[in-house]
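Colleague: Show me how the following folds:
(chains A, B, C and D)
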2 protein chains.
Amino acid sequence: MAVRLSDIAASLGVSEATVSLALSGNGRVAESTRQRVVAAANELGYRPNTAARALRTDATRTIGLIVSDVANPFFGELAREVERHAGELGYAVMLCNSDEDASRQDDYLLDLLAGSRVDGVLLVPASSATPGLRAAGASKAKLVIVDRPITVPGRGDAAKHLRALPTVRSDTSTALAEAAALLVTLGHRRIGVVAPPQDTPLGRVRTREIRDALVEAGVSPRSILVEAGDFRENSGYRATSALLEQRHRPTAIIAADGPMAIGALKAARDAGLRVPLDLSLMSFDDAPWLELLDPPMTAIAQPIPQIAGAAVDALIALIKGSPQHDPPAQQPVCTFVRRASCGMPPA
Amino acid sequence: MAVRLSDIAASLGVSEATVSLALSGNGRVAESTRQRVVAAANELGYRPNTAARALRTDATRTIGLIVSDVANPFFGELAREVERHAGELGYAVMLCNSDEDASRQDDYLLDLLAGSRVDGVLLVPASSATPGLRAAGASKAKLVIVDRPITVPGRGDAAKHLRALPTVRSDTSTALAEAAALLVTLGHRRIGVVAPPQDTPLGRVRTREIRDALVEAGVSPRSILVEAGDFRENSGYRATSALLEQRHRPTAIIAADGPMAIGALKAARDAGLRVPLDLSLMSFDDAPWLELLDPPMTAIAQPIPQIAGAAVDALIALIKGSPQHDPPAQQPVCTFVRRASCGMPPA
DNA sequence: CTGAAAGCGCTTACAG
DNA sequence: CTGAAAGCGCTTACAG
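Modeller: Predicted coordinates:
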């Protein structure tokens, strides 16, 4: 068994309370005693039992991170940055993977929160308006919504709490404006969007952001063709194939995440189209290998470290019950990375 | 606050013990009582307090997963599969990222294990023979070594325990034999290896595996050029550049992981070499985008779901104290995926 | 079949 | 400055 407080106390002939106080630095303990205790603790390799401490203090110093797909490199990197930032602040991270499944998301939410497994949760919602999310709202859970918006119906206390939750999302506006301007300048007039599911808040929001940017740049709303996927590569393939089968097919396609962009590129190839000669392509989420693709993929890059930092900070502020209206952190801004996958439309 | 056992007991007019027994299914409780308890628990949304249960039973039903780099897609996918498999067996996963840093690895090991935060740990060692690993050995920690071997010096009890730890690694032999045969058939005689650090067990083991396969296929040992990296993209770039600067440079290069392969391809391009016309390239670890690279990258694909499954199974067997000598799970086997990045050497 | 009681390892008022 | 004691929410022998 591991070393306990009582082992140190016994070895030194002092009380457990004194050891605890000495180690925590909270109590008034004689400096000489403190030093003896610290020395003994190091000597014995003492580590406080997490469960006992959590039970006593009702704080686990752990946060949960529920992402929709860890195997998506975007979330891999997000997990890394969350873990790093939380670690610096003394918090461990419990990683959960909802797999874009509402009921898995709910299971995790309930298990983490109601089971007091963590002090708070960073949620990349696979689905909003689920029973688990409502329950979390009803229990005033410490929750921060990351990367995707949620919409919460109803007007009970739970709904109000959920709507007031901090949300950390990157600002796509300038990057999308650049992207749209580039496509229009190159001559594109019919543009396809491989979008997130349209029955999710992110699907509607992101589709609108893209549509607004394109219209602002001069594209006719009727020439914007939206085909929804489900964030996965296969759905990107299918959505792109559908777009390319239309009578007036688009000359450029924007994919809403990395996996769907991979699918889009595969679909373009399988349709016998050369990118960018026959079709221009761009994607959300940058990655080190995008510049090595054939052709190098243009991307709207999200500032993952900043998103992670802001999310962790917001959650820990919530956990610590900091003043409710601290100045909202500046919203992390996406950048536009132009590469060869965008060219002029075919004649 | 969350719902407690005592809330259910009070609402039903029975004892906490009865509620606990009814919910766990361990005790002899009247069926009618059991049903009332279960109904009340669902009604109230009861979830047992994890800390209390862990403190009492000395089991957290959580395992730790320490990887060396979550942002490497290989480990992202490993994390997903571990999490999925563990979840099916009723275990949560705590993800930690050592960032290839021995002291971070040790911090996590100690925190997770000595702090009783988890029941056992799946470790992708960033470094072996560290103090933390020795301490884990001394405390007879439930530990499974994944993806990389460790070498443990000394002959104390701790060392013995560490050496007896289950290790789950994929079998590269047939895939490497195919890879080597292909290169030789194509005509390559000088082959570069962008290897893991040579002061790590994996570095030595993997380099030997590759060397053996090449020699077996007919390559002269003196024509195998090894340049070590550190698993990261930049090091792959540097190592490749170094290989390409040699007087008799290799006509083919094998990179030991995905990020280093990305770096290798970038280095080849920056050196003005066309792949595969001037240089053939292959990599460990497959990914969905490798077939979209320019050129599509040949890969030795690791069976990640099987590795994760075997690792989780081994750890849980250890935790449950199953018979020591259950038949060792069959070692997961790598497959060779030939793509266009390998061609004939330049004339 | 059910309840009373002890105890897991901590932390924290409360005395002294 | 230090110690004795209570209690966090569970589980599990032990009685009855």
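
Colleague: Low-confidence regions, the stretch 201-347 of chain A specifically.
Modeller: Where the stretch 201-347 of chain A drops to pLDDT under 70, the residues are A:322-329.

Colleague: Closest residue of it to DNA strand D?
Modeller: Each residue of the stretch 201-347 of chain A has a distance to DNA strand D, by Cβ to the nearest atom of the strand, and the smallest belongs to A:Ile319, at 17.4 Å. To be clear about C-beta, it is placed using only N, CA and C from the backbone, and glycine gets the same treatment.

Colleague: Does DNA strand C have contacts with the helix or strand that residue falls within?
Modeller: Assigned by DSSP states H and E, A:Ile319 falls within helix A:304-320. No. Counting by Cβ under 7 Å from any atom of the strand, DNA strand C has no neighbours in helix A:304-320; the shortest distance is 13.7 Å.

Colleague: That helix: what's the following helix or strand?
Modeller: Toward the C-terminal end, the helix or strand that comes next after helix A:304-320 (DSSP H and E) is strand A:335-337.

Colleague: ok, and for that next one, which residues are buried?
Modeller: Residues of strand A:335-337 classed as buried by neighbour count (16 or more other Cβ atoms under 10 Å in any protein chain shown): A:Phe336, A:Val337.

Colleague: Partner strands of it, with direction?
Modeller: strand A:298-301 (antiparallel) (DSSP bridges).

Colleague: what pLDDT does A:Ala39 get?
Modeller: We have a pLDDT of 88 for A:Ala39.

Colleague: Tell me how many other residues crowd it.
Modeller: Burial of A:Ala39 is recorded as 12 neighbouring residues (other Cβ atoms under 10 Å in any protein chain shown).

Colleague: Tell me if it really is in a strand.
Modeller: No. If the criterion is DSSP: H, G, I helix; E, B strand; the rest coil, then A:Ala39 is helix and not within a strand.

Colleague: where's it relative to B:Val337, distance?
Modeller: Relative to B:Val337, A:Ala39 is positioned 56 Å away (Cβ to Cβ, to the nearest Å).

Colleague: Please apply the same query to A:Pro332.
Modeller: Shown here: A:Pro332 relative to B:Val337, a distance of 37 Å by Cβ to Cβ.

Colleague: Touching, the residue of the stretch 201-347 of chain A closest to DNA strand D and A:Gly120? I think so.
Modeller: Yes. Assessed by Cβ atoms under 8 Å, A:Ile319 is found in contact with A:Gly120 at 4.9 Å.

Colleague: Between the two, tell me which one has more neighbours.
Modeller: A:Gly120 (24 against 18).

Colleague: and the closest residue to that one other than its chain neighbours, what is it in contact with?
Modeller: Spatial nearest neighbour of A:Gly120, excluding adjacent residues (Cβ to Cβ, 6 or more residues apart in numbering or on different chains): A:Lys142 at 3.3 Å. When contacts are counted by Cβ atoms under 8 Å, 6 or more residues apart in numbering or on different chains, A:Lys142 is found next to A:Asp119, A:Gly120, A:Val121, A:Leu315, A:Leu318, A:Ile319.

Colleague: near DNA strand C, which residues of the stretch 51-200 of chain A?
Modeller: Residues of the stretch 51-200 of chain A found near DNA strand C (Cβ under 7 Å from any atom of the strand) are A:Ala52, A:Arg53, A:Leu55, A:Arg56, A:Thr57.
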